[in-house]
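okay, here's the prediction I keep looking at, along with the sequence it came from:
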Amino acid sequence: MAKKNQTLGEFIIENQDSFKYTSGELSRLINSIRLAAKVVNHEVNKAGLVDITGAAGDTNIQGEDQQKLDVYANEKFIQTLTKRNIVCGIASEEEDDFVAINSQDENNQNKYVVLIDPLDGSSNIDVNVSVGTIFSIFRRVTPAGTPVKIEDFLQKGSEQVAAGYVVYGTSTMLVYTTGDGVNGFTLNPAIGTFYLSHPNMTFPEDGSIYSVNEGNYMDFPQGIKKYIKYCQEEEGERPYTSRYIGSLVSDFHRNMIKGGIYMYPKGSRNPNGKLRLLYECNPMAFLAEQANGKASDGYIRTMDVEPTELHQRVPFVCGSKNMVDKVEEFMSEFGE
């Protein structure tokens with residue numbers, strides 16, 4: 001039973017028996033993510049005081065300009081997870097290919113792979129807006145003691161054993177699930193400890209917030225356009241409120257607490273959608289479902305999508321159940 005003001009370490013120890021693969025390894029993995037998050041949080045909080053803002057001068061595999069903090073966060077998470085010898089492989093949004101860890105060591109019996117977006121919404125750093133880290137954890141499907149392969153990472157979201165995010169905002173929070181509900185922990189910066197502040201987080205079934213980049217409205221499918229108009233109509237509990245930060249972690253976090261929906265549909269400029277299935281959509285979908293929410297591409301459940309490549313993009317609709325259901329209703333009407 002989650003107890004408010006428990007430390008994250010205490011919570012992990014107390015609840016590890018509820019995890020079906022109990023071995024202590026996953027607990028150590030979550031602890032490693034906690035440590036890396038604190039290091040990144042420290043650097044994020046220094047933005048503006050040291051030369052850590054702005055573009056790094058490179059592009060990632062998706063052709064996007066990397067921010068200096070993207071590079072820093074990526075290095076810190078990979079470094080922390082590698083040095084503690086807990087995982088057998090890591091895939092990052094900032095890396096061209098997956099990273100195999102101790103792949104030639106037959107004694108390496110580590111069972112987990114981590115997929116990570118080290119700093120979601122990093123372009124917001126320069127203007128002091130909340131950013132975050134998203135992570136997804138799978139059990140490998142190839143034999144332990146052998147080099148990890150691409151199939152260890154290309155698993156459906158329904159196979160995730162844990163997922164979560166860290167939001168670096170007015171306070172720093174780590175929110176995660178191992179398939180037994182969603183809990184949020186807030187960092188006390190004075191002593192560097194995360195405390196359980198949001199036990200058993202859930203989406204309200206209905207919400208009044210819709211989060212979408214309406215600047216792309218003309219590029220949206222007809223079903224999404226109709227839903228936006230539906231949100232703006234004067235009828236019953238509507239009009240809804242439009243809130244869009246441009247950082248998936250921040251938008252998702254607000255909507256889970258207050259009730260709402262996040263949408264990033266496909267369009268002519270992004271025919272497959274823009275968000276990454278493995279680093280963003282799957283972990284957020286797992287969290288949403290564990291928090292009484294829903295996530296889909298407008299037609300099918302996000303966690304049922306079969307991955308075909310590491311940096312695969314998909315349309316994404318996620319949030320309060322009844323709101324996602326309404327989007328799917330409009331999408332099916334136009335059959336796009």
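Okay, I see it.

give me the secondary structure label for the spatially most central residue of the chain.
The residue lying closest to the centre of the chain (Cα atoms, centre = their mean) is I134, at 3.6 Å. State at I134, reduced to three classes by DSSP: H, G, I helix; E, B strand; the rest coil: strand.

that one touches M284, doesn't it?
Yes: in terms of Cβ atoms under 8 Å, I134 counts as a neighbour of M284; the distance is 7.0 Å. C-betas here are computed from N, CA, C, even on glycine.

quick one: contacts for V114?
Contact analysis of V114 by Cβ atoms under 8 Å, 6 or more residues apart in numbering lists L29, I33, L81, V87, G89, I90, A91, F135, S136, I137.

need the contact partners of stretch 165-173.
Outside stretch 165-173, the residues touching it (Cβ under 8 Å, 6+ apart) are 33, 37, 40-41, 44-45, 120, 130-135, 174-176, 184-187, 189, 197-198, 249-250, 252-253, 283-284, 287.

picking up where we left off before, let me know the pLDDT of the residue nearest to the centre of the chain.
In this model, I134 is scored at 97, pLDDT.

show me what it bridges to in the sheet.
D117, Y165 (DSSP bridges).

residues touching it, list them.
I116, D117, D120, A163, G164, Y165, L248, V249, Y279, E280, P283, M284.

about what we covered before: sort out for me which of the contacts of stretch 165-173 are in strands.
Members of those lying in strands (criterion: DSSP state E): 120, 131-135, 174-176, 184-187, 197-198.

what comes up buried for stretch 250-262?
Neighbour counts over stretch 250-262 (16 or more other Cβ atoms under 10 Å) mark S250, D251, F252, H253, R254, N255, M256, I257, G259, G260, I261, Y262 as buried.

what do I134 and M284 both touch?
Common neighbours of I134 and M284 (Cβ under 8 Å, 6+ apart) are A163, Y165, L248.

closest to P307 among those residues?
Relative to P307, the closest of the shared contacts of I134 and M284 is A163; by Cβ to Cβ it sits at 14.7 Å.

just the contacts of V114 now: which is nearest T146?
Nearest to T146 among the contacts of V114, with distances taken as Cβ to Cβ, is G89, at 11.2 Å.

that's a helix at that closest one, yeah?
No: read with three-state DSSP, G89 is strand and lies in no helix.

so how many other residues sit close to it?
Number of residues near G89 (other Cβ atoms under 10 Å) recorded here: 25.

pLDDT score for it?
G89 carries a pLDDT score of 94 in this model.

these two touch, right, it and I101?
Yes: look at G89 against I101 with Cβ under 8 Å: they come within range, at 6.0 Å.

joint contacts of those two?
Common neighbours of G89 and I101 (criterion: Cβ under 8 Å, 6+ apart): V148.

what sits against D17?
D17 neighbours (Cβ under 8 Å, 6+ apart): none.

just say helix, strand or coil for it.
D17 - assigned by three-state DSSP - is helix.

before we move on, back to that, and of the contacts of V114, the nearest to Y210?
Distance to Y210 across those (Cβ to Cβ) is lowest for S136, with 25.3 Å.

that closest one: neighbouring residues, count only.
Neighbours around S136, by other Cβ under 10 Å: 30.

quick check: it touching E159?
No: using Cβ under 8 Å, S136 is not in contact with E159; the gap is 10.1 Å.
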